[in-house]
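Colleague: What follows is a predicted structure for the sequence shown.
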Amino acid sequence: MTDNIYKKIALKLHNYSKILIFPHVNMDGDCLGSSAALCHVLRGFGKEAYVLADDVTPHNLDFLESGVVTRDYDVFDEYDLAVLVDCGSRSRIGERASVFDRARERAVIDHHGVMENDAEFNFGIIESSSAATAELVYLIASEMGAEFTLPIAECIFAAINTDTGSFQHSNTTARTHKIASEIYGIPGFDGNRIVQLIYNRKSLGAIQLEGRIVSEMEVCCGGKVVLSAVTQAHLAETGTLMNESDGIIQKLMSIDGVEIGCILKEIDDKTARVSLRAKSYANVARVAQKYGGGGHMRAAGLTFEGTIGEAKAEIAKALEAELVRSNDEK
Ligand code: 5GP
Ligand code: MN
C-alpha cells in the first residue's frame, strides 16, 4: 500500500515545469543531498528546477551543490511548485518563506515527525520511519522512471550516510541498506570517494576545536548525560566556523553509558543553537519542542534565546527531567 504514495507523488511531479526546492536552514547532508538529488531528477525530465538556499554550504558538503543550488530569490518571477525537503514547516526555511509563498502550488517531502502546521501543501509525504529524506526521494524518483545518474547517486548516498551516522543510528533499516546497495550499482559510483569527501577533509583548527570541546565537556546524571558548549571565543582561537563543530556531538555519544548528548553553540550573546542526541531510549524531540524546536526522537535541535550559560543551565535541567521521564516509560 505505502508504495502507492511514492507513485502518487511521482505522477504529480510530472505535472509541473518550474520548480523550486527548499532545504531547511542550517543545511545538513540529508537536506542538501535530498534537495540536490530531487533537482537532478526533475531536470532529467526537462524541467526548470533549482535548489534555493541561503546558508553557506558546510565545506565537507560542498560537492553536494553539484551545480543545482542558487541563492537568487528571483531566479523565477512566477513558478509552478515549491517543495519543502527534509522539513515540513515554513518556519524552517527562514527568509526564503517569502519565495515559498509565491509558488502556484506546494509540496513536502520529509521524515520529521514534528511540524508546526504553518504551511498548506497540495501534496507530499512525511514518513517519520524513514531514516533519511533521501530514501523518499529515491523511491519517488524510481516511480517517476528517473535515470539514476552519478550526481543523483552521490547526493542520495551522502544524504543517507550522514543522516544515519554511517548506518549506525537506530533509524537505519533493511530498506536503508537496500537503497544503498542499489546505489552501488549505478555506473561510476564510488562509495569510498564520498565518505572521504564528507568525513576526512577537516581543517587542523576543526580538530583542535574538537579537542577543546571534548576536554571541556560536563557529565551529569550518573554519566548518562553529557554536555559541552562551542563559544565564539573557541572559534576565534581555532580559526574555525561554527558549522565545523557539527560532528563533535558524535564523539560525546560514543562514550560508554551516555544516553543523551548535547552541544550548545553560541551564535551571539543573546542566542544559542542546541543540538540534542539520544542513544537508545530518551526522546530528545520532546525537549526540543518545549523550546520551540523539533526533530526526531533521537536527534533534535532548538534555538534558545539567552546567553550560552543560561542555555546550558536550562537545557541541562530539561535533559535531566527527560531522562527521568524516559526511564519511567521504559
Ligand atoms: P542538528 O542537531 O543536527 O542541527 O539537528 C538534528 C535534527 O533536528 C535534524 O533533523 C534537524 O532538522 C532537526 N532540528 C534541528 N533544529 C531544529 C529546529 O530548530 N526546529 C525543528 N523543527 N527541527 C530542528
Ligand atoms: Mn533528514
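Modeller: Yes, it's here. Ligands and ions are numbered 1, 2, ... in the order given.
Colleague: Tell me the residues on the protein that lie near ligand 2, please.
Modeller: Contact residues (Cβ under 5 Å from the ion) of the chain with ligand 2: D30, D86, T133, D163. All C-beta spots, glycine's among them, are computed from the backbone N, C-alpha and C.
Colleague: Can you add pLDDT and neighbour count and give these back as a markdown table?
Modeller: Below are the residues of the chain next to ligand 2 laid out as a markdown table (pLDDT from 0 to 100; neighbours: other Cβ atoms under 10 Å):
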| residue | pLDDT | neighbour count |
| --- | --- | --- |
| D30 | 98 | 28 |
| D86 | 98 | 29 |
| T133 | 98 | 31 |
| D163 | 97 | 28 |
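Colleague: any bit of stretch 120-129 sitting next to ligand 1?
Modeller: No - applying Cβ under 6 Å from any ligand atom, one finds stretch 120-129 separated from ligand 1 by no less than 10.7 Å.
Colleague: Off-centre distance for stretch 298-313?
Modeller: Relative to the chain's own centre, stretch 298-313 is displaced by 18 Å; criterion: Cα atoms, centre = their mean, to the nearest Å.
Colleague: and what of stretch 94-114?
Modeller: Stretch 94-114 sits 15 Å away from the centroid of its parent chain (Cα atoms, centre = their mean).
Colleague: Going forward, the N-terminal residue is numbered 855.
Modeller: Right, with 855 as the first residue, what we last looked at is stretch 948-968.
Colleague: what mean pLDDT does it have?
Modeller: Mean pLDDT, computed over stretch 948-968, is 96.
Colleague: Likewise for stretch 991-1009?
Modeller: pLDDT averaged over stretch 991-1009 gives 98.
Colleague: can you list contacts of that stretch?
Modeller: 857, 860-861, 863-865, 867-868, 886-888, 890-892, 894-895, 898-899, 917-918, 920-921, 939, 963, 979, 988, 1010, 1013, 1033, 1036-1037, 1040-1043, 1048 (Cβ atoms under 8 Å, 6 or more residues apart in numbering).
Colleague: Can you tell me which of these are buried?
Modeller: Applying a neighbour-count criterion of 16 or more other Cβ atoms under 10 Å, the buried members of those are 860, 863-864, 867, 886-888, 890-892, 894-895, 898, 917-918, 920, 939, 963, 979, 988, 1010, 1013, 1033, 1037, 1040, 1043, 1048.
Colleague: and the protein, which of its residues are near ligand 1?
Modeller: Neighbours of ligand 1 within the chain, by Cβ under 6 Å from any ligand atom: 878, 880, 882, 946, 966, 968, 1129, 1147-1150, 1153-1157.
Colleague: In those, which has the lowest confidence score?
Modeller: The lowest pLDDT within the residues of the chain next to ligand 1 belongs to V968, which sits at 72.
Colleague: how about A907, what does it touch?
Modeller: With contact set as Cβ under 8 Å, 6+ apart, A907 has these partners: P877, M881, L886, V923, T924, R925.
Colleague: The fourth one contacts D909, correct?
Modeller: Which is V923. No - assessed by Cβ atoms under 8 Å, V923 is found out of contact with D909, at 10.3 Å.
Colleague: ok, back up a step: compare the contacts of A907 and tell me which is most surrounded.
Modeller: Of all those, P877 has the most neighbours under the rule other Cβ atoms under 10 Å, reaching 32 neighbours.
Colleague: What is the neighbour count of the closest residue to it other than its chain neighbours?
Modeller: Closest residue to P877 apart from its sequence neighbours, by Cβ to Cβ, 6 or more residues apart in numbering: C885 at 3.9 Å. Neighbour count of C885, defined by other Cβ under 10 Å: 32.
Colleague: Just confirm C885 contacts T987, I think it does.
Modeller: Yes - assessed by Cβ under 8 Å, C885 is found in contact with T987 at 6.9 Å.
Colleague: any common contacting residues for those two?
Modeller: Common neighbours of C885 and T987 (criterion: Cβ under 8 Å, 6+ apart): V939, D940, A1013.
Colleague: Fine by me, we can end here.
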